[in-house]
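Asks: sequence and predicted structure, then a few things I'm wondering about:
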Amino acid sequence: MISRIIVLVAVIAAMLLWVGPVPNWVMIGFVFAVLLPLGIAFSIKRMRLEARLARTLWLALTRR
């Protein structure tokens, strides 16, 4: 779900940059206010999934 939101926001930002006369400070603010927190949330989710996979593999290898 988070990745779809990130893609949607990135597409909207690209359209704004390409089509409309948007000041640079607006796009910089948009990146810091929206995309950065979403990227952090996505990274945390990915790290949790990787830790869960590593734990599952370890338990399977040690037969617990």
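Replies: Ah, there it is.
Asks: so what's the gap between the helix or strand hosting residue 29 and the chain middle?
Replies: Here residue 29 sits within helix 24-30, counting by DSSP states H and E. For helix 24-30, the separation from the chain centroid amounts to 18 Å (computed by Cα atoms, centre = their mean, to the nearest Å).
Asks: go on, stretch 10-21?
Replies: Offset of stretch 10-21 from its chain centre (Cα atoms, centre = their mean): 19 Å.
Asks: avg pLDDT for that stretch?
Replies: Stretch 10-21 shows a mean pLDDT of 76.
Asks: which elements pack onto the helix holding residue 29?
Replies: helix 2-19 (3 or more Cβ pairs under 8 Å, 6 or more residues apart in numbering; DSSP states H and E). Every residue, glycine included, has its C-beta placed from N, CA and C.
Asks: check what pLDDT the residue nearest to the spatial centre of the chain gets.
Replies: Taking Cα atoms, centre = their mean as the criterion, residue 39 is the residue nearest the geometric centre of the chain, at 3.1 Å. pLDDT recorded at residue 39 is 80.
Asks: and the residue lying closest to it once chain neighbours are set aside, how close does it get to residue 44?
Replies: The shortest distance from residue 39 to any non-neighbouring residue, by Cβ to Cβ, 6 or more residues apart in numbering, is to residue 6 (6.9 Å). Remark: distance between residue 6 and residue 44 (Cβ to Cβ, to the nearest Å) = 13 Å.
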